[in-house]
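1. coordinates for the following, if possible.
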Amino acid sequence: MTPLLYDELVPWYFLIDPPGDHADEATWYGDTLERATSLRPETLLELGSGAGNNALYLRSRFRCTLSDVSPKMLELSRAQNPECEHIEADMRTLRLGRTFDAVFIHDAISYMTTRADLRAALATAFAHTKPGGVAVIAPDQMSDTFEEHTALHEGHDATRALRCLEWDWDPDPHDERFRVEYAFLLRDGRELRAVHDGHDEGLFSRETWLGLLTEVGFRPQLAPRPLDDGGLEHLLLALRP
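-> A predicted model of the protein is given here:
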């Protein structure tokens with residue numbers, strides 16, 4: 001079942017996830033992709049591209065092909081990235097019959113909630129990475145560092161306003177998934193409504209990530225990305241021999 005955030009609530013999406021918030025991280029992704037390979041990467045496939053917020057910045061560095069399973073999210077992306085190729089597809093099964101210098105998977109990879117689904121998505125990335133090319137993968141969480149937390153999101157435009165409480169928690173520490181609960185208050189003019197949207201996401205160890213990437217054919221490593229609070233986010237860099 002598609003989460004409401006990527007279906008019914010798509011008209012509100014940019015109020016919770018503004019494109020401008022992605023400039024710094026997209027620059028890091030682009031720099032990392034370019035440094036990781038002796039190729040001069042020119043083409044990029046993004047799996048699970050969503051509204052195209054990272055592509056908004058990456059498109060000046062690469063010729064981007066963007067794929068997502070949600071047609072409504074692809075509509076948002078087409079509006080802000082009209083020069084990019086867009087494909088509606090599931091990252092577990094997509095096969096385009098061509099390869100790219102770089103493959104990028106942002107937080108959409110977190111919706112792979114079983115090892116079989118995760119392996120299938122990573123195999124898709126490998127199948128579309130040119131020999132000598134590179135993939136960067138950015139899961140929301142890894143089990144080694146997971147901590148329950150909450151966050152408040154706010155946004156508004158000329159006629160609407162949004163407040164959202166996000167709560168990440170792990171109902172069963174013995175399985176490989178966690179929950180993200182979103183409690184939305186949505187105001188449109190004088191009308192106010194409340195919406196709850198729950199997301200199941202995968203929670204795998206670094207060892208599992210590195211093992212599955214190796215199993216599908218990559219040479220993987222952890223790639224630390226500095227955060228604004230001085231911490232590090234450990235993402236995954238995978239080279240295709």
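
2. I'd say Ala125 and Ile137 touch.
-> Yes - applying C-beta atoms under 8 Å, one finds Ala125 in contact with Ile137, separated by 7.3 Å. For every residue, glycine as well, the C-beta is placed using N, CA and C.

3. so, low pLDDT: which residues of this protein?
-> 230 (pLDDT under 70).

4. now the strands: where do they sit in it?
-> 43-47, 63-68, 85-88, 100-105, 129-137, 149-156, 160-169, 177-188, 191-202, 219-226, 232-239 (DSSP state E).

5. I'd like these as CSV, with mean neighbour count and distance to Leu56 appended.
-> Below are these laid out as CSV (neighbours: other C-beta atoms under 10 Å; distance: least, C-beta to C-beta, whole Å):
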stretch, mean neighbour count, distance to Leu56
strand 43-47, 26, 11
strand 63-68, 23, 10
strand 85-88, 14, 13
strand 100-105, 26, 13
strand 129-137, 21, 17
strand 149-156, 11, 17
strand 160-169, 16, 20
strand 177-188, 17, 23
strand 191-202, 14, 23
strand 219-226, 14, 19
strand 232-239, 19, 19
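
6. out of those strands, which is closest to Thr27?
-> strand 219-226 (10.8 Å; C-beta to C-beta).

7. outside of that closest one, which residues touch it?
-> 25, 28, 32, 136, 206, 209-210, 213-214, 232-241 (C-beta atoms under 8 Å, 6 or more residues apart in numbering).

8. domain map for the chain?
-> Residue ranges for the domains of the chain, per automatic domain parsing: 16-142+204-239, 149-202.

9. can you lay out those as TSV showing distance to Leu5?
-> Compiled in TSV, the domains of the chain are given as follows (distance: least, C-beta to C-beta, whole Å):
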stretch	distance to Leu5
domain 16-142+204-239	8
domain 149-202	6
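
10. for the residue of the chain positioned farthest from its centre, give me phi and psi.
-> The centre of the chain is farthest from one residue, Arg190, which by C-alpha atoms, centre = their mean lies 33.8 Å away. For Arg190, the backbone dihedrals are phi -100, psi 0 (criterion: degrees, to the nearest 10).

11. for Phe218, what are phi and psi?
-> phi -80, psi 160.

12. so who does it touch?
-> Phe218 neighbours (C-beta under 8 Å, 6+ apart): Leu122, Ala125, Phe126, Thr129, Ala135, Ala238, Leu239, Arg240.

13. now the strands of the chain in a markdown table, with distance to Leu76?
-> Output for the strands of the chain, formatted as a markdown table (distance: least, C-beta to C-beta, whole Å):
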| stretch | distance to Leu76 |
| --- | --- |
| strand 43-47 | 14 |
| strand 63-68 | 10 |
| strand 85-88 | 10 |
| strand 100-105 | 18 |
| strand 129-137 | 22 |
| strand 149-156 | 15 |
| strand 160-169 | 16 |
| strand 177-188 | 17 |
| strand 191-202 | 17 |
| strand 219-226 | 25 |
| strand 232-239 | 24 |
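
14. out of those, flag the one nearest Glu75.
-> Among these, strand 85-88 sits nearest to Glu75 (C-beta to C-beta), with 9.0 Å.

15. ok, residues contacting the closest one?
-> Counting by C-beta under 8 Å, 6+ apart, 49, 64-69, 71, 74, 77-78, 94, 96 sit against strand 85-88.

16. partners of that strand, with directions?
-> strand 63-68 (parallel) (DSSP bridges).

17. just the C-alpha atoms of the strand it pairs with, please, in PDB.
-> Once non-C-alpha atoms are left out, strand 63-68 reads as follows in PDB (Å, rounded to 0.1, in the frame of the first residue of the first chain):
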ATOM      1  CA  ARG A  63      22.300  13.600 -17.600                       C
ATOM      2  CA  CYS A  64      19.700  12.200 -15.200                       C
ATOM      3  CA  THR A  65      17.200   9.400 -15.700                       C
ATOM      4  CA  LEU A  66      14.700   9.400 -12.800                       C
ATOM      5  CA  SER A  67      12.600   6.400 -11.800                       C
ATOM      6  CA  ASP A  68       9.900   6.100  -9.100                       C
END
